[in-house]
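S.K.: Got a predicted model here, sequence first, then my questions.
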Amino acid sequence: MKAAEFGYLRPGRMEEALQALAAGEGAAMPLAGGQSLMPMMNFRVAMPETLVDLAALAELRGIHDAGERVVIGAMTRWSELMASGLIAAEVPLLARALPEIAHPAIRNRGTIGGSVALADPAAEVPAVLLALAGVVVLRSLAGERRVAAGDFFLGHYETARAADELIVALEVPKARGLRHGFHEIGRRHGDFALAGAALAVAVEGARVMEARIALFGVADRALRATGAEAALRGAVLGDGTALDRAVAALAEIDFAGDIHASAPMRRHLAGVALRRAWAEGVA
Amino acid sequence: MTGPATIFDRPNRYIGTAEPRADAARLLQGRGRFVDDIQLPRMVHAAFLRSPHAHARIVSLDVAAARAMPGVAAVWTGAEMAAHVTPWVGVLTHLAGLRSPPQPALAVDVVRWQGEPVAMVVAATRAEAEDAVERIEADYDPLPAAVRMEEALSPDAPVIHPEFGSNLAWERRVETGDMAAAMAQPGVTVVERTFRFGRHTGVTLEPRATVMDYDPAEDRLTMHYSGQAPHMMQVVLSRHLGLPEENIRVISNDVGGSFGIKIHTYGDEIAVGAAARLLRRPVKFVADRMESFMTDIHARDHVVTGRIGVHADGRIAGLEIDDLTGIGPFSMYPRTSAIECNQVLNLTGAPYRMEAYRARGRVVFQNKNMMCQYRAVGHPIAMAVADGLLDEAGRALGMDPVVIRQRNLIADDAYPTTSASGMKLDDLSHQKTLAKLVEVMGYEALRADQAAARARGVHRGIGILSMVEVTNPSPMFYGIGGAPIASQDGATVRLDAGGALHISSSVTEQGQGTNAILAQIAAGVFGVDIGRVKVTTGDTATVPYGGGTWASRGAGIGGEAMLLAAHALKEQVLEVAGVMLQAGVESLDIRAGKIVDEATGAERMGLADLARTVYYRGNELPADLKPELVATRHYRVSDMPFVFTNGAMGAYVEVDTDTGFTKVLGFWAVEDCGRVINPMLVDEQVRGGVVQGIGGALYEECLYDDQGQLLNTTMADYLVPMAAEMPDIVVAHVETPTKTSILGAKGAGEAGTGGAPGAILNAVNDALAPLGASVWQMPITPERVLRALGVVAD
C-alpha cells in the first residue's frame, strides 16, 4: 500500500494555492489534515497528480468571533476546536460532537475543512452544520462564494465544491436560545457512526417552534430529516406521541445498508439516535 | 517426576515472582529489532499481484510492461516461480483420510481465493514494485466459486479440486457410550441448538515480514523471520528451495505478535527466498495491512449443531455435536487445517462427566482465504458449544448455571482420568476453580444487581464457563504425523568468566515474555542475580534444536529444559568448587553469584573467581579435573499426549435492547496453569487472551460476499476490540502443578481466548432470556441481537 507517484506543492500564499488547483484541471487535490486522503492514496483509490498542501496557509487557521457568527478557518484542527472557549460557549452542538470524532491522534491532525470537503456520510460535522444552518465559504481564482450547508452536501462523497475551489472557512450562527441534542451510535468509541443525530431546536415556553434534525451515518450523505422536523414543529415538550410521529417519519429516508448494518437496522438506529438526542438536549 | 526439593524455595528465588521483563525497557525505548528494521546492502523489495477472483482460470499473464518499469529487478509469474520452488501438501498421516492437493508458492493456471499470489515483482523500493504490479496484464476466466461452507458439499457445488470429486477434505467421528440409549432414558431433557462462528484473524501489530539474504559464496540462505518456529522454517525452506538444511539459517528477533498466524508456510514468503537466491541479493517482503487481512490465515469458521440430554438433577446423559468447518482451498502446510476441527471433537464437553458422547467433524474446501491454527485452536468453539448447551439445558430445568456445572464437572480427586472423547486428563481442578470464580466475581451480589437492573428495565446477564486447554503437547500433536515440527526443546546455560550466565533456548519470544521467564528459571535454579543472565532465542545457528513457541508450550517445555540445564550446570560448577575449596560438593551451594557454605550461607568463593581460574589459570587445577562450565538439556512430554490445564470464567454484560449493543461490565478468569513462573506475565497472557476472545465474541469477522470477495480489509472495517470497550479483567489462580515435569508449569497463553467467547455468549443469552430471545452466532453483533429480539427485520 504505497501511494502512486504524485507531485507535491506547499504554497505559502493563498493565491499560489488557488493557481495550483486551477492549473491542475481536476488532477490537483488540496491536502488538509490528510487523515482520509493519505490512506485513500495509499490504497490508490485517490491518485492525484499534485497535492497542494495547505499547512503553510496561516489565514486558513483560527476561530473568530464575527458578531452573530463564529467563523472557523478550514485548516483548524479538531484538537484546536476542542480547546476553544469560543466554540464551547457559542457553538455548543459542535463542542458536543467533537469528542465523538475518531481518536486523539487523528484529532491532532484532522481538520474541519478536510472533513467537510470529503463529505463522508458517517462524519459528524456535516450533520452539525446542517442542524446549525452553517455556511461553507469557498474561494477560487474567480472569487469567493458562500454555500449554505443544506446546498453543499450533494451525495456520496459528493459536494458543491468545484475542483478549483478551496474551502476557506465555515461560518456558524451563534446558538442564541437554541436547545441542542446529539447522539451517535458507533460500534467502538471513535468509529464511524452506524447512525447519528444532531438537533438544534427552538423552544418557546413548552412549545417547539422549530426543530432542525440532521442525521449522519444512515444514507449517502448527512441530511435533514424534514418529515421528522414537521412532526415536531408546534409540539408540546413532553408529548411523546410527537416524537413517535417524528421517528415514524424517518421512513421517508433512503437508508443505506453495508457490512456494518443493514438498511432496516439503520432505519431503526436512526430512530434510537433521534430519541436519545432529543432526550439529551431538548425534552 | 521428582526433582531437587530446594529449587522453588531458594534464597535467590525468582520462579513465582513478578519480575519485570528486561525486553520491555528496550522495546519502550524504540530499540526493538523487527524485520522491517533490517536494512541490508543491495536489498530489494517484493510486491505481489494477487488474484481479484475467488476462483478463476488464468488465461494469460503478460509481465513485459512490468519488467520494463523503473527500478524493477525481476518479475516472476507463478509458472516461472514453480521452476524454483517445489509445491507442498498440507496433510499429516495421523489425520487419517485428510487430503489436500499440491500447492504452489504462486498460483499456476488457476486461482482459488481472492488474494492468492499470482505474480511477484522485485524492485528497488516497495513503491516501485507496486507500480510495476499495476502494469501486469492479467486475463482471468472466472469460474463458479464454492464460498459458503454449508453449500460446499452439496452435489451442485463447484468442486475446487476436480480430482477429489468433492470439496470434503477430512471427516472424523468419535463415539463413546450408547447415545440413543442415554438420550432415551426416562426424565432426560434434550436441547438442540445450532452455533455459528464467524471467520476472524490474528491482526498482529507487526505484519508478516521476511528478509531473505542469500550468500552464493557459502550457498547459504539467511531468513530474517517474524515468526514462531525457526527450526520448522529451516526444514520447509530446505525442502522446497532444494538447499541443505544446514545451509539455511533462520533468525527471529523481536516479533510484534503472532498468535499462530506466523507459524505456517506462506507462498509469498517462500517465493521471496527463491528470489533472493536467484538475484543473489537480499529481498524484503513486509505484508501491508490489506495483504494481512486477505492472506494471513483466518480462524474458526464453523457451524456446529449440538444436542445435550440432561437428567432432572442436571447430570449430562449425552452430548452430541456435528461440526462443519471451512478451510479455504488448501489445507495449510505443514500443520494442516484439520487440527482445528480435531480439537473441537477432542475438547467439546471435556470438563464434564457424561454417559455418552458422539461427534462428527467435516472439513471442507471453499474459495476463501485459508483457515488454520490461531490462538486457542478449536477451544472457543468446543467450550462455547458445550457450555452454551449446558446453560440452555439449565434454563430448561430451571437450574442455576453454577449448580448445573457443579453437578457435572469431573471431581478434583478423580485424576488421572479420561474424557468422554478419550483425552487423558491429570492434575486438573475444575471444582476448585469454579468455587474460586464464584467467590472472586461475587456471584450472588451480581445476581442481586442483575435483578435490580431488570426491575429498572436494564438487561444484564451473567455467563459462566468451565474449560480445559491443551498445553505442552507431546509428539502426538504433529511429529507423529510426519510434520517437521519438534515437540522437544533444548536449553543451554553457560557460565562466563565474569560470573554471568549466557542462556539460549529453542523456544521463541513474540512479545509474551518468554525470554524473561527463561532468565527467571536459570537465575533461580542456578543461583545468580537475574541481571546477570543474558538470553538468546530465535536463531537456528546458535540455539539448541527445538519446536519454538506454539500450543502454550514455551514455559512448560522450554522452561523445563532450562530448569534441567541450569540445575546440571550448577552441579558441574559445584564439582569444580568442591575441588578448589577442598570441600564436599553437598556442603556447598550457589547463591546470588557466590559459592557459599550450604549450611551457614557463608561465602566461600565468587563465581567469577571460579570461572576465571577455570578459563585463564587452568594450571592451578588438578590435571584430572575436566571442568565443563556449559550444560545443555532437552525436554519433551513423554507420559501424556498433552498436559491439560483448566479454568473457569465469568462475564457480566449489559445488552441495550434499543441498539443491540453488548457492553461487557466485568470479566473474571480463574486459571490453573500449574506452577506460575511470573504472575504478572501470566495475568497479562490471560487478559490479552480474554480480549482476543471478546473480539471473536463481539467484534471480529472476515466478511465475504457471495462471490468470495473479502469485504473488510482495513482496520476501520474489521473491528478489533479496543481498550475503551474492554472491561476490567480480574485474574485469579489455582495452582496444581503438572506431575510431568519438575517445574510443574502448564501453558497459560491461550486459555483466555478459548474461554471468553463462550462466557460472553452465555452472559448475553442470560440477559436476553427473560425477553424470550437468544443468539447463537458469533460475533454477537448489535444487528444479530436486534434480529433475535424481533426489533429489526427485513
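M.R.: Ah, there it is.

S.K.: mind checking the SS state of the nearest residue to B:Arg787 once chain neighbours are set aside?
M.R.: The shortest distance from B:Arg787 to any non-neighbouring residue, by C-beta to C-beta, 6 or more residues apart in numbering or on different chains, is to B:Ala793 (6.8 Å). Just so you know, the C-beta spots here come from the backbone N, C-alpha and C atoms, and that holds for glycine as well. Look at B:Ala793: counting by DSSP: H, G, I helix; E, B strand; the rest coil, its state is coil.

S.K.: residues near B:Ala793, how many?
M.R.: Counted with other C-beta atoms under 10 Å in any protein chain shown, residues neighbouring B:Ala793 total 10.

S.K.: Isn't it up against A:His268?
M.R.: No - between B:Ala793 and A:His268 there is no contact under C-beta atoms under 8 Å: 9.5 Å.

S.K.: got the residues of chain B near chain A?
M.R.: Proximity of chain B to chain A is confined to B:125-127, B:130-131, B:134, B:288-290, B:658-659, B:661, B:699, B:703, B:711-712, B:714, B:716-717, B:719, B:721-722, B:724-725, B:782-783, B:786, B:791-794 under the rule C-beta under 8 Å from any C-beta of the partner chain.

S.K.: Got a PyMOL select line for the buried ones in those residues?
M.R.: Filtering these down to the buried ones (16 or more other C-beta atoms under 10 Å in any protein chain shown) takes a single PyMOL command:
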select buried, chain B and resi 126+127+130+131+288+289+290+658+659+661+699+712+717+719+721+722+725+782+783+786+791+792
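
S.K.: So which of the residues of chain B next to chain A belong to strands?
M.R.: Judged by DSSP state E, the residues of chain B next to chain A include no members of strands.

S.K.: so what's the closest residue to chain A within the stretch 1-150 of chain B closest to, chain neighbours aside?
M.R.: Closest to chain A within the stretch 1-150 of chain B is B:Ala127: 3.8 Å, counting by C-beta to the nearest C-beta. Counting by C-beta to C-beta, 6+ apart, A:Lys2 is the residue found nearest to B:Ala127 once chain neighbours are left out, at 3.8 Å.

S.K.: and the nearest residue to A:Ala273 once chain neighbours are set aside, how many neighbours does it have?
M.R.: Nearest in space to A:Ala273, with sequence neighbours left out and distances taken as C-beta to C-beta, 6+ apart, is A:Ala197 at 4.1 Å. Burial of A:Ala197 is recorded as 32 neighbouring residues (other C-beta under 10 Å).

S.K.: Correct me if wrong: B:Ala565 contacts B:Thr632.
M.R.: Yes - taking contacts as C-beta under 8 Å, B:Ala565 lies within contact range of B:Thr632: 5.9 Å.

S.K.: How about the contacts made by the residue of the stretch 1-150 of chain B closest to chain A?
M.R.: A:Lys2, A:Ala3, A:Glu5 (C-beta atoms under 8 Å, 6 or more residues apart in numbering or on different chains).

S.K.: Ok, A:Ala230 next?
M.R.: A:Ala249.

S.K.: about what we covered before: next one, pLDDT for the residue nearest to B:Arg787 please.
M.R.: Listed pLDDT for B:Ala793 reads 96.

S.K.: Same check on B:Pro11?
M.R.: On the pLDDT scale, B:Pro11 is placed at 67.

S.K.: burial measure for B:Lys432, as a count.
M.R.: B:Lys432 has 18 neighbouring residues, counting by other C-beta under 10 Å.

S.K.: residues near residue 46, how many?
M.R.: Went with chain A since none was named. A:Ala46: 17 surrounding residues under other C-beta under 10 Å.

S.K.: ah, no, chain B please
M.R.: B:Ala46: 27 surrounding residues under other C-beta under 10 Å.

S.K.: Please save the CA atoms from stretch B:346-355 in CSV.
M.R.: Extracted C-alpha coordinates of stretch B:346-355, given in CSV (Å, rounded to 0.1, in the frame of the first residue of the first chain):
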residue,chain,number,x,y,z
ASN,B,346,-11.5,-33.8,21.3
LEU,B,347,-12.4,-31.0,23.6
THR,B,348,-16.2,-30.4,23.5
GLY,B,349,-17.5,-31.3,26.9
ALA,B,350,-14.1,-32.3,28.2
PRO,B,351,-14.6,-30.7,31.7
TYR,B,352,-17.7,-32.8,32.3
ARG,B,353,-18.7,-36.4,33.0
MET,B,354,-21.3,-37.8,30.7
GLU,B,355,-22.7,-41.2,29.8
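
S.K.: pLDDT averaged over that stretch - what is it?
M.R.: Mean pLDDT, stretch B:346-355: 98.

S.K.: swap in stretch B:321-333?
M.R.: Stretch B:321-333 shows an average pLDDT of 98 in the prediction.

S.K.: so how far does it reach from one end to the other?
M.R.: Using C-alpha to C-alpha, to the nearest Å, the end-to-end distance of stretch B:321-333 comes out at 27 Å.

S.K.: same deal with stretch A:70-78?
M.R.: OK, stretch A:70-78 end separation, C-alpha to C-alpha: 16 Å.

S.K.: hang on, the earlier thing: distance of the residue nearest to B:Arg787 relative to B:Glu783?
M.R.: Going from B:Ala793 to B:Glu783 by C-beta to C-beta, to the nearest Å gives 11 Å.

S.K.: cool, and A:Gly281?
M.R.: 27 Å.

S.K.: Then B:Ala599?
M.R.: Applying C-beta to C-beta, the value for B:Ala599 to B:Glu783 is 71 Å.

S.K.: Ok, B:Pro102 next?
M.R.: Using C-beta to C-beta, B:Pro102 is found at 42 Å from B:Glu783.

S.K.: likewise B:Val791?
M.R.: Distance, B:Val791 to B:Glu783, by C-beta to C-beta: 10 Å.

S.K.: Can you work out which residues contact both of the two?
M.R.: Here B:Val791 and B:Glu783 have B:Gly660 as joint contacts, going by C-beta under 8 Å, 6+ apart.

S.K.: Would you quantify the distance from B:Leu607 to chain A?
M.R.: The gap separating B:Leu607 from chain A is 49 Å, by C-beta to the nearest C-beta, to the nearest Å.

S.K.: Enumerate every residue touching that residue.
M.R.: Contact analysis of B:Leu607 by C-beta under 8 Å, 6+ apart lists B:Leu495, B:Gly499, B:Val528, B:Val573, B:Ile590, B:Gly593, B:Lys594, B:Ile595.

S.K.: What of B:Val775?
M.R.: B:Val775 is in contact with B:Leu761, B:Val764, B:Asn765, B:Leu768, B:Arg784, B:Val785, B:Ala788, counting by C-beta under 8 Å, 6+ apart.

S.K.: Alright, calling it a day.
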